[in-house]
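**Student:** Structure, please.
(2 chains)
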2 protein chains.
Amino acid sequence: MFTGLSAFPLTPTDESGVDEKAFAGLVARLAEAGVDSIGALGSTGGYAYLTREERARAARTAVDAAGGVPVVVGIGALRTSQVRALAEDAQQAGASALLLAPVSYQPLTDDEVFGLYEDISREVSVPLCVYDNPGTTHFTFSDELHGRIAALPNIGAVKIPGIPADQAPDRIAALRSTLPGHAAIGVSGDAFAAGGLSAGADLWFSVIGGLLPQQCLAITRAAADGDADRATALSERMEPLWALFRRYGSQRVTSAAAEHLGLVSHPNLPKPLRGLDAAARREVADALEAL
Amino acid sequence: MFTGLSAFPLTPTDESGVDEKAFAGLVARLAEAGVDSIGALGSTGGYAYLTREERARAARTAVDAAGGVPVVVGIGALRTSQVRALAEDAQQAGASALLLAPVSYQPLTDDEVFGLYEDISREVSVPLCVYDNPGTTHFTFSDELHGRIAALPNIGAVKIPGIPADQAPDRIAALRSTLPGHAAIGVSGDAFAAGGLSAGADLWFSVIGGLLPQQCLAITRAAADGDADRATALSERMEPLWALFRRYGSQRVTSAAAEHLGLVSHPNLPKPLRGLDAAARREVADALEAL
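**Tutor:** Sure, this is the predicted structure:
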């Protein structure tokens, strides 16, 4: 389950709701490309903005369109009772695993975050992935807390933020030493993925993999083959996209890129989020065409 | 509407939902104390954690219990369409004004935040208060953006974060110069309120005012009478509480204080939020008894 490339597509959404046909198309395209798993309703998939009903339908759509490729479904929400309901819906939809971030409004304490995972982990029957994303949750995990949470039942993986390549071996070794052996470590932050995989991460949770699966599979396979130089070189070819991610945010860039590739219509982000302006779209198109 | 003391009570909530009887009691107690307005479903009132239905019921309960004192209702949510629905519900419940924070998951741009207020302000028929609270929304307003937003229709006030007393006159003057004359400026950050009011803010949006209205009214009236020294001295008496706010967060401290005063039962915060531990509760009780 938690290996290789886990590709996270957009959930194209406008004021009338989720475009389920376009979403199914994005998921099917990833399955056909041969990704190892599909991450439905991740941050790029806008999970936090959708209603319970929209999320339940999107989870079913993803599992149906994935044609047997395992689907990880994001179940994060502000309130434990909402997370519990979303976990039920995702499992009923056929999710192979669940992804849970400690979404916050009031800043959370370590004990509150531990309590969230304690409450949810004992109620689920598929593996749970701890989603460590301080850029959106504003919660910072210590390794000690990661270790306590990963010792709970049903914790299958930890998804960590991007780490620069020169720090990745030490960072992954330190985290590995605090986790039980069965817990996988997945890297995110697409620009850093090649370094993370070559430094021993088990998988890559990828935003751009949800749109450009072939390129990301090539990076993932090169790292798995021990060819760190090739993984790095393939990643560096995508630097124009990484630069746009840093500048405009990965979700807005991926949204514009998906439009450019004709995979989704416009608009496809839930308001108040807005798509990029015309000049930034041109930059995205140029970066894609250069690949 | 936007003057004096606006007191923000807790919305006591446990896993079974909102304790509407206790909430009505908190609101009625504030009305009897003579506060100028009541802020239902602010940050301390846990608005972000509640469902649309819970929020609609709480808004009705607050208006009913307020006995004619104006009620400001928080309508913040991640998605514009949700905010629109919450604004409708709050107005149908009889809200005299609405409080809207740019709640975020993906970091928001200035244009996205402007677009949110543009969309909502033109649809409402009661004044809207811009809620600037970077500690929970992780969005930082520039004065230029405050000015653009306040020029939209129906913007009645701006609620700003706490400012140390020595900086308050300059800060309030700078903001005042960017806002249209009809837009009130309200301070929050209870420890800084005396300084803000004496520096010319129109009102105090108060967390502790939702629990200790008499003490906060005394501070507010002293500042309105031009007696800045007395306002400061009254505020300094509450320093043990401000210290606990800084240490544990105002919502957790207010929750424990409300329990100590017998106004709410335990638990009263929505999970994953947790109440304070026994030692911290003792500190809260000591601070209250010293008042």
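
**Student:** A:D286: what's its closest spatial neighbour, skipping adjacent residues?
**Tutor:** A:P240 (7.4 Å; Cβ to Cβ, 6 or more residues apart in numbering or on different chains). Using the backbone N, CA and C atoms, a C-beta is placed for each residue, glycine as well.

**Student:** who's in contact with A:I163?
**Tutor:** A:171-172, A:187, A:189, A:192, A:195-196, A:199 (Cβ atoms under 8 Å, 6 or more residues apart in numbering or on different chains).

**Student:** Among those, which are located in strands?
**Tutor:** Among these, the members found in strands (DSSP state E) are A:V187.

**Student:** Separate out the buried members of the contacts of A:I163.
**Tutor:** A:171-172, A:187, A:189, A:192, A:195-196, A:199 (16 or more other Cβ atoms under 10 Å in any protein chain shown).

**Student:** Contact residues of the stretch 101-250 of chain A facing chain B?
**Tutor:** A:102-103, A:105-109, A:111-113, A:115-116, A:119, A:135-136, A:138, A:249 (Cβ under 8 Å from any Cβ of the partner chain).

**Student:** Now A:T13, what are its backbone angles?
**Tutor:** Main-chain dihedrals, A:T13, degrees, to the nearest 10: phi -140, psi 130.

**Student:** where do the helices sit along the stretch 101-250 of chain A?
**Tutor:** Taking DSSP state H, counting those that start in this stretch as the test, the helices found in the stretch 101-250 of chain A are A:110-121, A:134-137, A:143-150, A:168-178, A:193-198, A:213-224, A:228-236, A:239-248, A:250-260.

**Student:** Just name the most buried of the ones you listed.
**Tutor:** helix A:193-198 (a mean of 27; mean count of other Cβ atoms under 10 Å in any protein chain shown).

**Student:** Now do that helix: everything it contacts.
**Tutor:** Against helix A:193-198 from outside (Cβ under 8 Å, 6+ apart): A:162-166, A:168, A:172, A:187, A:189, A:203-204, A:206, A:216, A:219-220, A:222-224, A:228, A:231-232, A:234-235.

**Student:** what is the rounded mean pLDDT of it?
**Tutor:** The average pLDDT within helix A:193-198 is 97.

**Student:** chain center to that helix, what's the gap?
**Tutor:** In terms of Cα atoms, centre = their mean, to the nearest Å, the centre of helix A:193-198 is found 16 Å from the chain centre.

**Student:** Can I get that helix in PDB, CA atoms only?
**Tutor:** Taking Å, rounded to 0.1, in the frame of the first residue of the first chain, the C-alpha atoms of helix A:193-198 are listed here in PDB:
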ATOM      1  CA  ALA A 193      11.000  14.000  -3.600                       C
ATOM      2  CA  ALA A 194      13.900  12.600  -5.600                       C
ATOM      3  CA  GLY A 195      16.200  13.400  -2.600                       C
ATOM      4  CA  GLY A 196      13.800  11.900  -0.100                       C
ATOM      5  CA  LEU A 197      13.300   8.700  -2.000                       C
ATOM      6  CA  SER A 198      17.000   8.200  -2.600                       C
END
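
**Student:** Just confirm A:L41 contacts A:E54, I think it does.
**Tutor:** No. Using Cβ atoms under 8 Å, A:L41 is not in contact with A:E54; the gap is 9.3 Å.

**Student:** neighbour count winner among those two?
**Tutor:** Between A:L41 and A:E54, counted using other Cβ atoms under 10 Å in any protein chain shown, the more crowded position is A:L41 (30 against 19).

**Student:** Contacts only, for the more buried one.
**Tutor:** With Cβ under 8 Å, 6+ apart, A:L41 has these contacts: A:11, A:47, A:50, A:55, A:58-59, A:62, A:73-75, A:99.

**Student:** Can you list which of those are found in strands?
**Tutor:** Per DSSP E, these map to strands at A:73-74, A:99.

**Student:** which one of the residues you listed sits closest to chain B?
**Tutor:** A:G74 (11.3 Å; Cβ to the nearest Cβ).

**Student:** Any figure for the gap between that closest one and A:R252?
**Tutor:** 19 Å (Cβ to Cβ, to the nearest Å).

**Student:** before we move on, what about A:L145?
**Tutor:** Separation of A:L145 from A:R252 (Cβ to Cβ): 31 Å.

**Student:** distance of A:P213 from chain B?
**Tutor:** 23 Å (Cβ to the nearest Cβ, to the nearest Å).
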